[in-house]
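Engineer: return atomic coordinates for the entry below.
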Amino acid sequence: MEPLRELFAGTVAGTVGLEEELLLVHRGSWLPAEAAPLVGGLGDPRVKQELPACQLEIATSVHANAIEAVEELRACRAMVAAACGSELAVIAAPVHPLVDGPVALARTDRADGLGARYREVIGRQLVSSLQVHLAFGDADCTLGVYHALRNLLPELAALAGAAPFAAGRDTGLCSVRPVIASELPRQGVPPAISSWEQYADDLAWAVRGGALTDASEWWWELRPHVRYGTLELRVLDVQATVDRTSAIVRFVQALAAGLAELHCRGELSPPAPTWRIAENRWIALRDGVRGELLDLHTGVPRSTRGCLHVLIDFAEPHAPGGLDDARALVDNPPVEQLRALGPDGVVPWLAEVFSAV
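Structural biologist: Okay, here's the model as predicted:
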C-alpha cells in the first residue's frame, strides 16, 4: 500500500499524457496490414507495436497541459502517415468497419502468452481507444477523482462514441467497441476502490492466482496506473481527427481539474453502485449523445446531451480558450457523419483525414 501511495503522490499535479491506438491498412482493399515493419523502420520509442499485428500505438510524453500533448500527438501522426508510402495508410478507427473474425497477433512473447490464456477471443480484440493519463500529485485526490470519473464514464463514452460498424454492417450502436472488448474479463465499469490497501490486495490476489500476469491486464475503462502514478481514462473511442481528439482531451483535463477542486473541498459525491453506472454505460454505447441517462441516485431520465453541457459548463473555467469545440461534438456527434459514409466509405475517409491539418 505505501509504495502505491508514494507513487501517486509523486506526480506533478495537472500534467497529462496520451496514448492512441491506430490501425495500419492496405490502400485499395482497406484491409489490415502488418504494422511491425513500419514501426521498426520509424525507430521512434513513441510509436509501438500493439497486440494485433495491424495495430500500433502512439504514446506522447508527459505535458503540462492538454494542448501541448495534442500537438505532440499531431506531429507523431504526421510522422507515421509520411512513413506509409503510397500502398499503406493509418486510420484512427475504434473498430475496423469491414473486418469479421479474428486477426493475426503480433509476433511477440506477450502476444503468445495472451493467446495461450485467452485463446481465439484475444484475436477478436481489434479495438482502438484514446487513453488519457491524468496526474494529481496526491494519492487521496487521485482516488477521489477516480470515483468521480467512474460515475461519469457513460457521459464521456457517449461524447466519444465513433464505432457504428463491424463486419461490414451497421450494428445499430454508436460504439460497438465495448461489446467486442467485453469478451475479455475486467472490461467496462471498474469496481469501487475503498482504499489503496484494497487496490493492492486485489491486484496481488489476481496475480498470485494467475488471473493476471501483471497489473497491465487490469483492463477496466478507468484505472489507477501503477507504473505512472496516473489515472488512465480508457473509455474513449479513438477519434478520426486530431481536432476531435483535442476537443475531448481538453475537456477531460478541465473536468478532472474541477473534480480535484471538489475533492479538496470535500464535495465529491460517493461512488455509485457499479450496476447503475453500467446500465448508463449500455445506454451510452447504444444511443450516444442522443439518449437519456438515468440519474444515479433517483433513476430519473435526463438528456445525455443536457448532462454533457452541464459538465462542460462545470469544466470550462479550467480550460484556457474555452470548450466550444467540445460543445460542437455534443451538438453534431461524429458518429452521424460516419453513418452517412457507410461501412465501405468510412475507411478511405479515415485515411484521408488522419493527419489533416
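Engineer: just the helices in the protein please.
Structural biologist: With DSSP state H, the ranges of helices along the chain come out as 2-9, 36-42, 66-82, 109-118, 120-123, 139-151, 153-160, 177-181, 196-209, 242-264, 274-287, 304-315, 324-331, 334-353.
Engineer: now the fourth one: mean pLDDT?
Structural biologist: pLDDT averaged over helix 109-118 equals 87, rounded to a whole number.
Engineer: now do that helix: everything it contacts.
Structural biologist: Where contact means CB atoms under 8 Å, 6 or more residues apart in numbering, the residues beyond helix 109-118 that reach it are 51, 105, 122, 123, 184, 213. For glycine as for every other residue, the C-beta is placed from the backbone atoms N, C-alpha and C.
Engineer: which one among these gets closest to residue 19?
Structural biologist: residue 51 (13.4 Å; CB to CB).
Engineer: who's in contact with the closest one?
Structural biologist: 105, 106, 110, 111, 114, 122, 125.
Engineer: what angle separates the lengthiest strand in the chain from helix 334-353?
Structural biologist: Identified as the longest strand of the chain according to DSSP state E is strand 16-26. Computed by axes from the mean of the first three to the mean of the last three CA atoms, to 10 degrees, the angle separating strand 16-26 from helix 334-353 equals 70 degrees.
Engineer: which residues of the stretch 51-200 of the chain score low on pLDDT?
Structural biologist: Low-confidence segments of the stretch 51-200 of the chain (pLDDT under 70): none present.
Engineer: OK, contacts around residue 19?
Structural biologist: Counting by CB under 8 Å, 6+ apart, residue 19 makes contact with 57, 58, 59, 60, 130, 131, 133.
Engineer: ok, back up a step: widest-spaced pair of the contacts of residue 51?
Structural biologist: 110 and 125 (13.0 Å).
Engineer: higher neighbour count, these two?
Structural biologist: residue 125 (21 against 14; other CB atoms under 10 Å).
Engineer: contacting residues for the more buried one?
Structural biologist: 51, 52, 180, 181, 183, 184.
Engineer: at 10 Å what do you get?
Structural biologist: The contact partners of residue 125, by CB atoms under 10 Å, 6 or more residues apart in numbering, come to 50-52, 55, 102-103, 105, 114, 118, 177, 180-181, 183-184, 219.
Engineer: how much space between it and residue 180?
Structural biologist: For residue 125, the distance to residue 180 equals 7 Å [CB to CB, to the nearest Å].
Engineer: and what of residue 309?
Structural biologist: As judged by CB to CB, residue 309 and residue 180 stand 30 Å apart.
Engineer: of these two, which one has the most company?
Structural biologist: Between residue 309 and residue 180, counted using other CB under 10 Å, the more crowded position is residue 180 (20 against 16).
Engineer: assess the claim that the more buried one and residue 129 are in contact.
Structural biologist: No. Contact criterion CB atoms under 10 Å: residue 180 and residue 129 do not qualify, at 11.5 Å.
Engineer: joint contacts of these two?
Structural biologist: The contact sets of residue 180 and residue 129 overlap at residue 94 (CB under 10 Å, 6+ apart).
Engineer: before we move on, the earlier item: now the contacts of residue 19 as a markdown table including distance to residue 191 and neighbour count?
Structural biologist: Formatted as a markdown table, the contacts of residue 19 follow (distance: CB to CB, whole Å; neighbours: other CB atoms under 10 Å):
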| residue | distance to residue 191 | neighbour count |
| --- | --- | --- |
| 57 | 26 | 19 |
| 58 | 29 | 22 |
| 59 | 26 | 17 |
| 60 | 29 | 20 |
| 130 | 23 | 25 |
| 131 | 19 | 21 |
| 133 | 20 | 21 |
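Engineer: brilliant, that's me finished.
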